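S.K.: pasting the structure only:
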């Protein structure tokens, strides 16, 4: 396992999705993996290594995700957790396995350890790991997985109940048994990961969100930027705004963000409210798209993460969607979701299929 060299390569900027098209068309790759074109996908790193540092791939015994390395350190066994594998753009979303076709087309050798499902026992704590951690030797080490999957599970969302994880980025996902990954889904940026429970998918869309609001905070609220109550100030000022012509176009990520209709009388609260408005309608557009891809009709939206604490934003989301918006008291839903699988695998709880039922 040549992890330090692979980690170095994964932090470089050279790998881009255009390189992959030399081997397989992106839309074909999407139709197999369900994962949309992001430069950080694992496939890009391995192709870059193949083309620039082939000796690294040839000398590696395993390709391992970070979670696989932790499991190996604890148990001495290598396994690949399913939801991590499902983010790599190297799997077949229909079979929940690594895709022979993708490996064949790219000329890569599959050196990933076998796939294990969340909640399975990866192994048992070794003597060496016991000494280093202070935990009892022989206790079961349970497979967990990718943070996004456990955030949506920990939120309590059931099938076809969409969840918005609201932070610097917003990720809108749903747990669903079926997806229709057509050309529109590819073009509109839908990416489909494996749910933590086998048999379900997590299609989702994402966009820059609180990152824009933080820019507004730094740029227009410098006089209170260090005040612990700054968000209350921003919300209060936005709530005091009536009708306003100010518009924000939120493509800040690509350097094309715009604030329109400013005047010498424009208040900073107008700019903040305009940003909340456009982001609320971004959520509506994303949910409309997921409903088409998955063939369901949402009855509500659950919001988790830092953005779920903003009462004004939640009200604006609800109005834009025409749906109730729910929040959960537990903010660390990722940790909660992973803990629930650990308990189930122990087994402190029992599980059922396709849904996990805790008793």
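M.R.: Right, received. Where do you want to start? This is a predicted model, so every value here is computed, not measured.
S.K.: quick one, helices of the stretch 1-150 of the chain?
M.R.: For the stretch 1-150 of the chain, the helices defined by DSSP state H, counting those that start in this stretch cover 3-10, 17-20, 26-33, 42-52, 54-59, 66-75, 82-85, 100-106, 127-133, 147-154.
S.K.: you'd agree residue 248 is in a strand?
M.R.: Yes. Residue 248 forms part of a strand when assessed by DSSP: H, G, I helix; E, B strand; the rest coil.
S.K.: from memory it sits against residue 270, does it?
M.R.: No. Using Cβ atoms under 8 Å, residue 248 is not in contact with residue 270; the gap is 9.8 Å. (Glycine included, C-beta is placed from N, CA and C.)
S.K.: residue contacts, residue 43?
M.R.: Applying Cβ atoms under 8 Å, 6 or more residues apart in numbering to residue 43 gives the contacts 20, 29, 88, 89, 90, 102, 106.
S.K.: right, and the first one touches residue 48 too?
M.R.: No. With the criterion set as Cβ under 8 Å, residue 20 and residue 48 do not qualify as a contacting pair; they are 10.1 Å apart.
S.K.: Neighbour count, distance to residue 200 and pLDDT added to the contacts of residue 43, as TSV?
M.R.: Shown next, in TSV, are these (neighbours: other Cβ atoms under 10 Å; distance: Cβ to Cβ, whole Å; pLDDT from 0 to 100):
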residue	neighbour count	distance to residue 200	pLDDT
20	21	27	90
29	27	22	97
88	23	18	96
89	26	19	97
90	24	20	98
102	23	22	98
106	19	28	96
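S.K.: ok, so of those residues, who is nearest residue 141?
M.R.: Proximity of these to residue 141, judged by Cβ to Cβ, is greatest for residue 88, which lies at 22.3 Å.
S.K.: ok, and the closest non-adjacent residue to that closest one?
M.R.: residue 42 (3.7 Å; Cβ to Cβ, 6 or more residues apart in numbering).
S.K.: gap between that neighbour and residue 86?
M.R.: Using Cβ to Cβ, to the nearest Å, one gets 11 Å for the distance from residue 42 to residue 86.
S.K.: list the contacts for the residue nearest to the spatial centre of the chain?
M.R.: Of all residues in the chain, the one closest to the mean position by Cα atoms, centre = their mean is residue 148, 4.2 Å from it. Counting by Cβ under 8 Å, 6+ apart, residue 148 makes contact with 165, 171, 173, 193, 202, 204, 334.
S.K.: Which of those fall in strands?
M.R.: Among the contacts of residue 148, the residues falling in strands (DSSP state E) are 165, 171, 173, 193, 202, 204.
S.K.: Pick out the most distant pair among these.
M.R.: Largest separation among those by Cβ to Cβ: 165 and 193, giving 12.7 Å.
S.K.: What count of nearby residues applies to residue 206?
M.R.: Neighbours of residue 206 under the rule other Cβ atoms under 10 Å: 18.
S.K.: contacting residues around it?
M.R.: By Cβ under 8 Å, 6+ apart, the contact set of residue 206 is 169, 170, 171, 172, 189, 191.
S.K.: For the buried ones among these, write the corresponding ChimeraX selection.
M.R.: To isolate the buried ones among those in ChimeraX, judged by 16 or more other Cβ atoms under 10 Å, type:
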select :170,171,172,191
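S.K.: And the contacts of stretch 261-273?
M.R.: By Cβ under 8 Å, 6+ apart, the surrounding residues in contact with stretch 261-273 are 213, 216, 220-221, 234, 237-238, 240-241, 244-248, 259, 312.
S.K.: Looks like residue 216 contacts residue 274 (just checking).
M.R.: No. With contact defined as Cβ under 8 Å, residue 216 does not count as touching residue 274 (9.4 Å).
S.K.: Those two - which one has more neighbours?
M.R.: Shown here are residue 216 and residue 274; by other Cβ under 10 Å, residue 274 has more neighbours (24 against 18).
S.K.: I'd like the distance between the more buried one and residue 244.
M.R.: For residue 274, the distance to residue 244 equals 7 Å [Cβ to Cβ].
S.K.: in the stretch 251-359 of the chain, which spans are helices?
M.R.: 268-294, 311-321, 333-345.
S.K.: Please produce a markdown table containing these, extended by mean pLDDT and distance to residue 58.
M.R.: Formatted as a markdown table, those follow (pLDDT from 0 to 100; distance: least, Cβ to Cβ, whole Å):
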| stretch | mean pLDDT | distance to residue 58 |
| --- | --- | --- |
| helix 268-294 | 97 | 40 |
| helix 311-321 | 97 | 51 |
| helix 333-345 | 89 | 35 |
